[in-house]
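>>> my questions are about this predicted structure, shown below with the sequence.
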Amino acid sequence: MRNKHFKIVTGVGLMLILIAIVIFQASQPSNTNIVEQKISPSMQEDGLEIDEEIPQDTELEASQSSGEDDQPLTEDIKDKVTQVVEGALGLFVKKDLDIVAIGDSLTQGVGDTSHNGGYVGILENTLNNDEDHKVDMVNYGKRGNRSDQLLKRLDQTEITASIEEADIILVTIGANDIMKVVKNNFTNLEYEPFVRERDNYQDRLQSIFDKMLELNPDASIYLLGFYNPFENYFSNVEQLGQIINDWNSTGSSLALEYEHVNYIPTKDLFQNAEQDLLYEDNFHPNSIGYKLIAERVLEYIRPEIERNE
């Protein structure tokens with residue numbers, strides 16, 4: 001039986017995790033002595049992408065809104081560096097498909113320096129890679145979103161209307177729920193807080209699915225699982241991987257309870273990778289990582305979007 005009270009890492013170990021995330025932020029000077037800095041709440045939130053719904057005039061809000069990777073997706077994205085999934089060659093897509101992508105920074109595409117808009121933009125480029133426009137994709141990714149915040153966003157008029165019209169809904173959510181546990185317990189991090197918050201996450205995720213299906217009973221929902229961004233640097237800390245596995249299991253098990261909800265794993269894509277798949281913050285995927293995610297998503301949704309010729 002797993003001991004719920006074992007330590008995940010020592011105080012020094014956890015500090016290294018926080019430092020590893022913060023140190024690679026583009027805003028940090030190269031000669032800064034990170035070890036001697038106080039890791040303030042704002043630095044933790046910015047590095048771990050946690051959004052506490054703080055007032056717009058705060059320093060954190062200003063710093064997040066100023067970054068290039070935080071800019072909202074625009075119509076000229078495809079005019080920059082168009083990236084598509086080669087495995088889609090020969091794919092005949094149904095016309096008039098509506099796909100809604102919603103969730104956190106993985107949906108927004110933070111870390112994709114090719115300006116494709118992350119996995120969502122790559123999918124859009126792939127499915128509309130000719131003059132015959134087939135798919136209408138809307139991206140409601142928001143950096144820092146937790147499951148409780150996403151649940152509230154489902155009441156927004158624009159999002160509600162899009163979900164009501166959607167054939168497919170792609171969801172990334174929960175990474176910031178995990179990171180909030182880290183932030184709130186970083187001086188004495190144990191396994192138990194992750195267990196308690198995972199139960200809360202399951203309840204909120206169920207409410208998210210229920211709300212979406214209430215708005216559109218015919219929509220197909222696809223929940224993308226978590227990967228472990230710390231694996232290459234803390235592969236010897238097994239508990240970190242166990243937390244990711246536990247939370248993935250929660251999402252995949254809950255999906256099985258719904259006829260119209262599907263689970264898409266991503267953890268294996270980032271394991272034992274021969275090339276770098278993470279952005280310079282060592283947390284978000286880079287353009288190559290996002291392309292792998294796009295390929296995996298296309299693999300799962302292909303039977304639903306492909307038309308018979």
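Looks like it arrived, so ask away.
>>> would you agree residue 279 is in contact with residue 110?
Yes. Checked against C-beta atoms under 8 Å, the pair residue 279 and residue 110 is within contact range at 7.5 Å. To be clear about C-beta, it is placed using only N, CA and C from the backbone, and glycine gets the same treatment.
>>> those two: which is more packed in?
The residue with more neighbours, out of residue 279 and residue 110, is residue 110; 25 against 21, by other C-beta atoms under 10 Å.
>>> give me the contact list for stretch 154-172.
Residues from elsewhere that reach stretch 154-172 (C-beta atoms under 8 Å, 6 or more residues apart in numbering): 97-104, 106-107, 120, 138, 140-141, 153, 208, 211-212, 215-216, 218-224, 297, 301, 304-305.
>>> got the CA coordinates for it in CSV?
Extracted in CSV, the C-alpha atoms of stretch 154-172 (Å, rounded to 0.1, in the frame of the first residue of the first chain):
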residue,chain,number,x,y,z
LEU,A,154,-18.3,27.6,-19.8
ASP,A,155,-20.9,30.2,-18.8
GLN,A,156,-19.4,32.8,-21.0
THR,A,157,-21.8,33.6,-23.9
GLU,A,158,-19.2,33.2,-26.7
ILE,A,159,-17.9,29.9,-25.4
THR,A,160,-21.4,28.6,-24.7
ALA,A,161,-22.4,29.3,-28.3
SER,A,162,-19.3,27.7,-29.8
ILE,A,163,-19.8,24.5,-27.7
GLU,A,164,-23.4,24.3,-28.8
GLU,A,165,-22.3,24.2,-32.4
ALA,A,166,-19.2,22.0,-31.9
ASP,A,167,-18.8,18.5,-33.4
ILE,A,168,-15.6,17.9,-31.5
ILE,A,169,-14.3,19.5,-28.3
LEU,A,170,-10.6,19.2,-27.4
VAL,A,171,-9.7,19.9,-23.7
THR,A,172,-6.4,20.4,-21.8
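>>> in that stretch, what counts as buried?
154, 159, 162, 163, 166, 167, 168, 169, 170, 171, 172 (16 or more other C-beta atoms under 10 Å).
>>> same question for stretch 241-252.
241, 243, 244, 247, 248, 250, 251.
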